[in-house]
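A.B. asks: I would like the atomic coordinates for the input below:
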Amino acid sequence: MSPPAGSLHEPAVLGSLDGLLQALELDPVGDDRFRAGSAPGQFPGRIFGGQLLAQALAAASATAPGTTVQSLHAAFVEAGVPEHPIDIEVERVRDGRSSATRRVTLLQGGRPLLEALASFRAGTVTADAALPPVAGSGSGVPGGPDGSITDPGRPEDLPSIQEWAQKVPAGPGAASRSWIERPPAVEIRMGEPPTFLGGAPAQGSRSHWMRLPRAVGDDPALHAALLAYASDYFLMDIVFRSYPDLAAVGRLGGFSLDHALWLHRPCRFDRWHVHTQDALAVSGGRGLARGTIRDENGQLVATVVQDVLVRPAVTQEGRAS
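C.D. replies: Reported below is the predicted structural model:
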């Protein structure tokens, strides 16, 4: 089932997806060794962490045929640059009758960018438990920070991330332009903009809808890798949104330290999914963000947790602002 066409920004999003899919075409260079490139940079000069997550999961899946991905636990070690190739090394930690484990290292010039541990399930799938009602049906989506019901709205009624970026005043080197000219490889719609596009500081959960801009086939491993890519968006920002010093929110910087993703059932990521996020802790220059990802029927597909470092942004003069 392919998403309907007609988005104002569809050509740019489709181009981003094509670039990401190319980056997920891993070239074998030895036993459980691969080489890959990078998608065109949305963030100039560095590789988006979600791309590294997707490549790690794709490489691990390639060495565990006939299994279903269960989880990915990754540590971001160092920032990479999109101009140079990425070497991917997979270690077969365990192959059991019902599960498999893979350790994955992504390197650039011999330097590790990401270390990950992926787990897979083999064998039959048990029945699903009944869960609460359909997402976006008016009754809300389970998964607020206290287990409450939150209503993310219907995706077709919400602005795209590019439309939020268009509302930011233009200026020399405006960061908002990258979200229009080099958008994510997924269509994103949300009722509240992130803080870097003018969103106000707030407490509590925030949701956004996301899906691929076109069908990509039926390979469940590819859909899982693309979901891993998209799971990295806005988790750091939800921490910034909850920062206790409200006056500093627009001047914060930071980076992700690690990322954990549990996949509870296979997904079709060319259909709408809603990612509900909240900040669990903001303390000691760090923040812990959580996300729950549900499909358009309200079924829980994945749970995400990310630890981020938070620090004041540095001005052009090199001083902390």
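
A.B. asks: who are the packing partners of the strand or helix carrying residue 290?
C.D. replies: For residue 290, the host element (DSSP states H and E) is strand 286-295. Packing partners of strand 286-295 (3 or more C-beta pairs under 8 Å, 6 or more residues apart in numbering; DSSP states H and E): strand 141-142, helix 220-231, helix 235-241, strand 273-283, strand 300-312. Bear in mind the C-beta positions are built from the backbone N, C-alpha and C, glycine included.

A.B. asks: strand 300-312 and that strand, what's the angle between them?
C.D. replies: Between strand 286-295 and strand 300-312, the angle comes out at 150 degrees (axes from the mean of the first three to the mean of the last three C-alpha atoms, to 10 degrees).

A.B. asks: and strand 286-295, which residues are buried?
C.D. replies: Neighbour counts using 16 or more other C-beta atoms under 10 Å place 287, 288, 289, 290, 291, 292, 293, 294, 295 of strand 286-295 among the buried residues.

A.B. asks: so what strands line up beside it?
C.D. replies: When pairing is defined by DSSP bridges, strand 286-295 lines up against strand 273-283 (antiparallel), strand 300-312 (antiparallel).

A.B. asks: make a markdown table out of these and add mean pLDDT, distance to residue 37 and mean neighbour count.
C.D. replies: What follows is the strands paired with strand 286-295, written out as a markdown table (pLDDT from 0 to 100; distance: least, C-beta to C-beta, whole Å; neighbours: other C-beta atoms under 10 Å):
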| stretch | mean pLDDT | distance to residue 37 | mean neighbour count |
| --- | --- | --- | --- |
| strand 273-283 | 94 | 27 | 21 |
| strand 300-312 | 91 | 25 | 19 |
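
A.B. asks: in JSON lines, list those strands along with distance to residue 90.
C.D. replies: JSON lines is the format used below for the strands paired with strand 286-295 (distance: least, C-beta to C-beta, whole Å):
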{"stretch": "strand 273-283", "distance to residue 90": "27"}
{"stretch": "strand 300-312", "distance to residue 90": "22"}
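
A.B. asks: nearest to residue 94, of those strands?
C.D. replies: Nearest to residue 94, of all the strands paired with strand 286-295, is strand 300-312, at 22.5 Å by C-beta to C-beta.

A.B. asks: the closest one: how far from the chain's middle?
C.D. replies: Distance of strand 300-312 from the chain centroid (C-alpha atoms, centre = their mean, to the nearest Å) equals 10 Å.

A.B. asks: can you check stretch 179-190 too?
C.D. replies: For stretch 179-190 - counting by C-alpha atoms, centre = their mean - the centre lies 12 Å from the chain centre.

A.B. asks: also stretch 156-175?
C.D. replies: On C-alpha atoms, centre = their mean, the centre of stretch 156-175 falls 20 Å from the chain's centre.

A.B. asks: which residues touch that stretch?
C.D. replies: 7-9, 12, 176-177, 179-180, 183-184, 187-191, 193-194, 196-198, 208-209 (C-beta atoms under 8 Å, 6 or more residues apart in numbering).

A.B. asks: mind running it again at 10 Å?
C.D. replies: 4, 7-10, 12-13, 43-44, 136, 152, 176-181, 183-184, 186-194, 196-199, 207-210, 233-234, 272 (C-beta atoms under 10 Å, 6 or more residues apart in numbering).

A.B. asks: hmm, back to that, turn the helices and strands packed on strand 286-295 into CSV, columns for distance to residue 156.
C.D. replies: What follows is the helices and strands packed on strand 286-295, written out as CSV (distance: least, C-beta to C-beta, whole Å):
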stretch, distance to residue 156
strand 141-142, 16
helix 220-231, 19
helix 235-241, 24
strand 273-283, 13
strand 300-312, 20
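
A.B. asks: good, wrapping up.
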